[in-house]
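**Student:** Need a 3D model of the following:
(2 chains)
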Amino acid sequence: MSGESLRVAVVGLGKMGLLHASILNVLPNVEIVAFCEKSRLLRKFLKNIFDGIRVLDDVEKLSDLGLDAIYITTPIPAHFLVAKTVYLEKIARNLFVEKTLARSHEEAEELCELADSFGGVNMVGYLRRFGVAFRKAKDLLAEDAIGKVSSFRAYAYSSDLLGSEKGSRALSSRGGVLGDLGCHAIDLALWFFGGFQVDSAELTSSNKDGSEDSAHFRARNSSGLEAEFNVSWCMENYRMAEVGFSISGSKGFLEVNDDKLELRLKAGESFTWYRHDLQDNVPFSLGLPEYYREDLHFVESVWDGCSAEPSFYAASKVDKIIGQVVQRAGESE
Amino acid sequence: MSNKSGKALLVGDNPFHKISHLSRERARARGDVLTCPAHAANLVVASLENGANGFMFSVSETTLSILDEIRESGEIKRLSLYAIVPYAYEYVRLANQVGGISGLARKFAKEIVLSGNVRGIAMGLKGVVRVDPISLMKTYLAYEISRIRSSTGKQANLRSVLLHQVITDMALALNLDWIFRSYLNFMSKWGIAPGFNTGNFAYLVKKFREWNIDLSEIIIAAPFNKVGFQMNPSREACEKALASIPEPILLVISMLAAGYLIPSEAVEYVASLRNVRGVAVGVSKEKHARETFALLREKLGH
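**Tutor:** Sure, this is the predicted structure:
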């Protein structure tokens, strides 16, 4: 590192950029040096609000600031170009990119290669890995609590776009529901169970740009594990986005979502954990405690010089599965 | 006030927005009846009859409709109102529906113009032209207060307007002390107690001391409960910060830890705390309203 503090810039000052900037600002030994934002009006506001933080309009202008790390929190379509510029212009070696890593698996693979050749820490913002209920589920699966897993069903639902104006610019910038929300269920599935292949898929869309509103797909792995995914951002009564799994094993059944974990064993015992039971408090909470843990993990990994998870490589597998879903859906039409 | 100590015993609005921090599944299972303004208004009035004396709500179309109903029932004057702004969820959703931040800004500007508030329009224009966040904040706050007043009528007792947790905590994290000062200054001119909703009570107290912001002049709404749920960084740190304050400025929220605790043990814990100005608790059934507020009146009202 260049000094006692980790010098960080945030590229893209939307909702996620502000959230990460806020948390980074309370982490010890982190200094926010610059913001990079495309919108002229927003840049003017940022300059009026923040003393001592450079506000720039172009990623390349970050190159002379001696940065240790960059957070890329732009809309997904810009991730690839921004990250590539950061590496090729040698602006910083340590990158955090909000999910998904890229628009396609090809772009994600190219970023993985760049990350390999330039070194440093790389991480993608799949925050649910830092949720206490999903962490507990991961531990229970690793302990073989439900025996050999035979199948699981996963869902990712929200009401975000229920009743929205179809084809609006806001929707286009978010891409489809797979990249916006479904990617969390895919990432958790890969984390819990390792790789799998998509067998069949259906996508539905009512947007002018053709991006999907909902997705249903089936997958399996080489050991015969069967999986089913349902994703939608037009569901009734999902005020907050929710991801969940129902997992069947030889010894029992595990059900987990953002708030709650239930373990039911065939031997008769059952257990339930809520966030309350799983030490969910953090030194500073904004949005969800998961965000603090996620940012702390990245920053500590940079300080310690060790790899962070989910890395670009782990996240590129999510982009690969999304690509397979789109391909299978196209084949079935 | 209907309780002897003058503590604020407030009906919270989370159930009326289908919010349960224990489990989203549970919130969905409650169905749509709670979001019906007439039903919700009845629950607020039932709570009033059993010891509640106020209503804490995020300013949204749902809660404004509930206030309309309460005003029509003639009960509005009995309530102290504690409003939380902005209702972040509604604005994010609206942005999705009207086409992003620019669509939201257009809608917001149109509503301010249609409100005929000449001072507000001028202040908003100044904010945009000069890229002045303080003018924009004042315009926004005046707009929200006018929305509340148009539902409640002028006779209602708007006791406090609290900044939403996301805004408070983001401003705290980014060291934007001028936001807090401007807010305090603006609210004092309106004669409304300034408040802050936070998920980082201990951090807020520490920062306000550093910035020489007078804690005795404000209201803080923060989670306090027996199991330490949402009490960051820890229950002990929040209790210590609370004990260090000279005035009762705390409005306890999440007393029941989102339904994890039973009311009797939850109230017992709150009664053991000093510097509590009041409690806000959501109720989803008339029976809950009766039992919860009767208990609060008994344990906190003396």
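**Student:** any idea how far the longest helix seen in chain B is from the chain center?
**Tutor:** As assigned by DSSP state H, the longest helix anywhere in chain B is helix B:133-152. Distance of helix B:133-152 from the chain centroid (C-alpha atoms, centre = their mean, to the nearest Å) equals 15 Å.
**Student:** count of neighbours near A:Lys44?
**Tutor:** 14 (other C-beta atoms under 10 Å in any protein chain shown). Just so you know, the C-beta spots here come from the backbone N, C-alpha and C atoms, and that holds for glycine as well.
**Student:** ok, now A:Ser246?
**Tutor:** Residues within reach of A:Ser246, counting by other C-beta under 10 Å, total 16.
**Student:** can you confirm it is in a strand?
**Tutor:** Yes - assessed with DSSP: H, G, I helix; E, B strand; the rest coil, A:Ser246 lies in a strand.
**Student:** picking that back up, what helices and strands are in contact with the longest helix of chain B?
**Tutor:** helix A:40-49, helix B:61-73, strand B:80-85, helix B:100-114, helix B:118-129, strand B:157-163, helix B:177-190 (3 or more C-beta pairs under 8 Å, 6 or more residues apart in numbering or on different chains; DSSP states H and E).
**Student:** Return the distance of the residue nearest to the spatial centre of chain B relative to A:Lys260.
**Tutor:** Nearest residue to the geometric centre of chain B (C-alpha atoms, centre = their mean): B:Ile84, 3.6 Å. Computed as C-beta to C-beta, to the nearest Å, the B:Ile84 to A:Lys260 distance reads 26 Å.
**Student:** residue contacts, B:Pro233?
**Tutor:** Counting by C-beta atoms under 8 Å, 6 or more residues apart in numbering or on different chains, B:Pro233 touches A:281-284, B:202-203.
**Student:** Just give me the closest of the residues you listed to A:Val86.
**Tutor:** Within the set of these, A:Phe284 lies nearest A:Val86; the separation is 26.9 Å, counting by C-beta to C-beta.
**Student:** who touches residue 282 in this structure?
**Tutor:** Because you didn't say which chain, this covers chain A. Per C-beta under 8 Å, 6+ apart, neighbours of A:Val282: A:289, A:292-293, B:232-233.
**Student:** was after chain B, sorry
**Tutor:** B:11-16.
**Student:** go again using 7 Å as the cut-off
**Tutor:** B:12-15 (C-beta atoms under 7 Å, 6 or more residues apart in numbering or on different chains).
**Student:** Okay, and the beta partners of it?
**Tutor:** B:Gly12 (DSSP bridges).
**Student:** and if you look at A:Phe245?
**Tutor:** A:Ala154, A:Val256.
**Student:** Surely it touches A:Ala154?
**Tutor:** Yes - counting by C-beta atoms under 7 Å, A:Phe245 touches A:Ala154, with 5.0 Å between them.
**Student:** How about residues contacting stretch B:244-252?
**Tutor:** With contact meaning C-beta under 7 Å, 6+ apart, stretch B:244-252 is reached by B:8, B:205, B:215-216, B:218-222, B:224, B:242, B:270, B:275-280.
**Student:** domain ranges for chain A?
**Tutor:** If you go by automatic domain parsing, the domain ranges for chain A are A:6-98+A:291-309, A:129-283+A:316-332.
**Student:** Adding distance to B:Leu250 and mean pLDDT, write those out as JSON lines.
**Tutor:** Formatted as JSON lines, the domains of chain A follow (distance: least, C-beta to C-beta, whole Å; pLDDT from 0 to 100):
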{"stretch": "domain A:6-98+A:291-309", "distance to B:Leu250": "22", "mean pLDDT": "96"}
{"stretch": "domain A:129-283+A:316-332", "distance to B:Leu250": "18", "mean pLDDT": "92"}
